[in-house]
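Trainee: my questions concern the predicted model and sequence given below.
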Amino acid sequence: MSLNIAIVTQYFYPESFIINDIVEELACLGHTVEVFTGQPNYPDGETYENYDQAACNEQVYKDGVKIHRVPLRPRKSGGARNLLLNYLSFVKNGIRYFPKQSAGKQFDAIIVFAVSPITAAIPAIVLKRSSKAHLMVWVQDLWPETLKATGFITNSLLLKAIGVLVRLIYAKADTVLVQSEAFIASASKYVAKDKIVYYPNSYRAPAAQINPSDRLPVEISRLLQSKFCVVFAGNLGFAQSLETIVDAAKALVHLDCKIVVVGSGSRLDWMHEQKREHGLHNLELVGRLPSSVMPELFSESEALLVTLKREEIFALTIPSKIQAYMAAGKPILAALDGEGARIVALAKAGLCSPAEDAAALARNIEALYEATPEKRAAYGAASFSFFCNNYEMKTQSRRLVQIIKERIGNPQR
């Protein structure tokens, strides 16, 4: 028997997040899925064209998935005040409108996609009250630790208050899903351990052939094909330790290779300044590209780069780009600590260096540059094999359904 599942998330299509594909996979498995979200504005902070930040409306996503949208103040150019107002806007309007949008509907489970902010779970708690569904919070970022590590909040009393809020949210959840096994000990400070279930991020295996409409811009494709290119793709913020990438580029100016950075975020302008100031001809900043071109971007690269700051909380995290990189079957250069580095090393998927150690990262890039094609291919094959066994989305979506059925007490339903 199929399930009725509600997804509560502050971020959804056309914003590019893993939850978009998870929703589609659940629908493909025959389950009824409805999404409760806001008006899209991430990452640039302006409401997307053809969307109205003050509107309540409904859309139909792929496979008949209904999207319920509520008004959302965009995050604008970032900064504490804008982000706080953005977060509170989702909480306020979610509490106000989600119960009305779900009136008369029965859900077996409500799943909160809990990237920052964790406050996105608050409207789901209200929704649970009206629907009596099993509430699952899928934790992507550990609060308040992530807030402290990124410097977003430094006041100890405020961090303690947020810790109390996290404890209350987890108390209202029936199940807390964590994306990293290393999260379990930290999450256990706030919730009973028997509520916690490890459920990793996943990624769709790339199609055998690329759709002609999903091709890279010609100039980027030419760059990737003409040079040894190491590609970083994702958000450009403080957590990503972009200084490490810039300093590694400085150390590699003698090498005929490029570090290609794809994405946008609060530190993109800073990276442009660094490129100009230091004359970094080997650092290419191409801006944000549609998620649909990522498979071609990755397949044409020689290696894929992931970096994080040196913080205890980030050592517990597996950046979601690791699953995407593994799916591409390319060598990974990991400049991070802890769980993410452990996974790359366990998979024999590439070369690891400590977080914020630009010199070590530069040495690894040069080592991979000088490696034989056979050695690089071996890293890529090991990477893809590990992906298939641990992070392939169809398999993980079926596992999510099984977790839901087991947690609501009817595994054969």
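Mentor: Structure's in. What do you need? Since the model is a prediction, treat every value here as computed from it, not as a measurement.

Trainee: do a quick rundown of the strands in the protein.
Mentor: Listed in chain order, the strands of the chain (DSSP state E) span 4-8, 32-38, 57-60, 66-70, 109-114, 134-139, 175-178, 196-198, 228-233, 257-262, 283-287, 303-307, 332-335, 350-353.

Trainee: nearest to residue 163, of those strands?
Mentor: Using Cβ to Cβ as the measure, strand 134-139 is the one of the strands of the chain that comes nearest residue 163, at 14.1 Å. C-betas here are computed from N, CA, C, even on glycine.

Trainee: what angle do strand 4-8 and the closest one make with each other?
Mentor: Calculated by axes from the mean of the first three to the mean of the last three Cα atoms, to 10 degrees, strand 134-139 forms an angle of 40 degrees with strand 4-8.

Trainee: what does strand 134-139 rub up against?
Mentor: Under the criterion Cβ atoms under 8 Å, 6 or more residues apart in numbering, residues 108-114, 118, 121, 124-125, 128, 169-170, 172-179, 183, 187, 199, 404, 407-408 lie in contact with strand 134-139.

Trainee: just want the angle from it to strand 109-114.
Mentor: Here the directions of strand 134-139 and strand 109-114 differ by 20 degrees (the same axes, to 10 degrees).

Trainee: residue contacts, the closest residue in space to residue 193 that isn't next to it in sequence?
Mentor: Spatially, and ignoring its direct neighbours in sequence, residue 193 is nearest to residue 184 (7.3 Å; Cβ to Cβ, 6 or more residues apart in numbering). Applying Cβ under 8 Å, 6+ apart to residue 184 gives the contacts 178, 193, 196, 198.

Trainee: same thing but 10 Å
Mentor: Applying Cβ atoms under 10 Å, 6 or more residues apart in numbering to residue 184 gives the contacts 176, 178, 193, 196-198, 316.

Trainee: what's the answer for residue 113, then?
Mentor: By Cβ under 10 Å, 6+ apart, the contact set of residue 113 is 7-12, 17-20, 22-23, 35, 37, 120-121, 124, 137-140, 177.

Trainee: what do you get for residue 178?
Mentor: 114, 137-140, 142, 184, 186-188, 196-200, 316.

Trainee: hmm, 7 Å instead?
Mentor: When contacts are counted by Cβ atoms under 7 Å, 6 or more residues apart in numbering, residue 178 touches 139, 184, 187, 196, 198.

Trainee: which of those has the most neighbours?
Mentor: For those, counting by other Cβ atoms under 10 Å, the largest number of neighbours falls to residue 139: 28 neighbours.

Trainee: that one pairs with what?
Mentor: Note on residue 139: beta-bridge partners residue 114, residue 178, judged by DSSP bridges.

Trainee: which of the contacts of strand 134-139 are buried?
Mentor: Listed as buried from the contacts of strand 134-139 are 108-114, 118, 121, 124-125, 128, 169-170, 173, 175-179, 183, 187, 199, 404, 407-408; burial here means 16 or more other Cβ atoms under 10 Å.

Trainee: ends of stretch 237-253, what's the gap?
Mentor: Taking Cα to Cα, to the nearest Å, stretch 237-253 runs 24 Å from one end to the other.

Trainee: contacts for that stretch, please.
Mentor: Applying Cβ under 7 Å, 6+ apart, the contact partners of stretch 237-253 are 150-151, 232, 234, 236, 259, 261, 265-267, 271, 274, 278, 280, 282-283, 307-309, 314, 335, 355-356, 358-359, 361-362, 365-366.
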